[in-house]
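[1] next one to model:
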Amino acid sequence: MAVKKIRRVDLDVLERLLVVLYENIEEKKTNIARNSKMGYDKCVLYLDVLEMMGFVKKNNDGKNTFYSLTPTGINYSHRITNDKYQKKR
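    Numbering: from 1, shown residues only. Model prediction:
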């Protein structure tokens, strides 16, 4: 089985994932993919990128894996949502 990689990182996709996690605090991969309106495989790849960047962390409860924002991810997501709100005004 070939390992998929992202050729170019789409910043809009990263921001969409961060906003979904910012609004939902902690979610499973399936719910993040659905709420961000993207395919599961692509979502998992981008979550790995966000984890490497230090914006997201994985939490295991033994059965399920949940993703949540790190303090850095929270701060950045807060800025994103405020910027979008300011542009709409």
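[2] which secondary structure state does Ser9 sit in?
    No Ser there; residue 9 is Val. coil (DSSP: H, G, I helix; E, B strand; the rest coil).
[3] check whether it really touches Asp48, as I assumed.
    No. When contacts are counted by Cβ atoms under 8 Å, Val9 is not listed as touching Asp48 (11.0 Å). Where you see a C-beta, it was placed from the backbone N, CA and C, and this is true even at glycine.
[4] residue contacts, Lys5?
    Residues in contact with Lys5 (Cβ atoms under 8 Å, 6 or more residues apart in numbering) are Leu45.
[5] using the three-state scheme, assign it.
    Secondary structure, three-state DSSP: Lys5 is coil.
[6] separation between it and Asp41?
    From Lys5 across to Asp41, the span is 12 Å (Cβ to Cβ, to the nearest Å).
[7] ok, residues contacting stretch 66-76?
    Residues from elsewhere that reach stretch 66-76 (Cβ under 8 Å, 6+ apart): 18, 21-22, 25-29, 32, 47, 50-51, 54-60, 77.
[8] now the strands for this protein?
    In the chain, the strands defined using DSSP state E lie at 26-28, 56-60, 65-69.
[9] now do the last one against strand 56-60: the angle between them, please.
    Angle between the axes of strand 65-69 and strand 56-60 is 150 degrees (criterion: axes from the mean of the first three to the mean of the last three Cα atoms, to 10 degrees).
[10] list the buried residues for the helix ranked longest in the chain?
    Taking DSSP state H as the criterion, the chain has its longest helix at helix 71-88. Within helix 71-88, the residues scored as buried using 16 or more other Cβ atoms under 10 Å are Gly73, Ile74, Tyr76, Ser77, Ile80.
[11] okay, these in a markdown table with pLDDT and distance to Phe66 next?
    Below are the buried residues of helix 71-88 laid out as a markdown table (pLDDT from 0 to 100; distance: Cβ to Cβ, whole Å):
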| residue | pLDDT | distance to Phe66 |
| --- | --- | --- |
| Gly73 | 94 | 14 |
| Ile74 | 93 | 16 |
| Tyr76 | 92 | 19 |
| Ser77 | 91 | 17 |
| Ile80 | 84 | 21 |
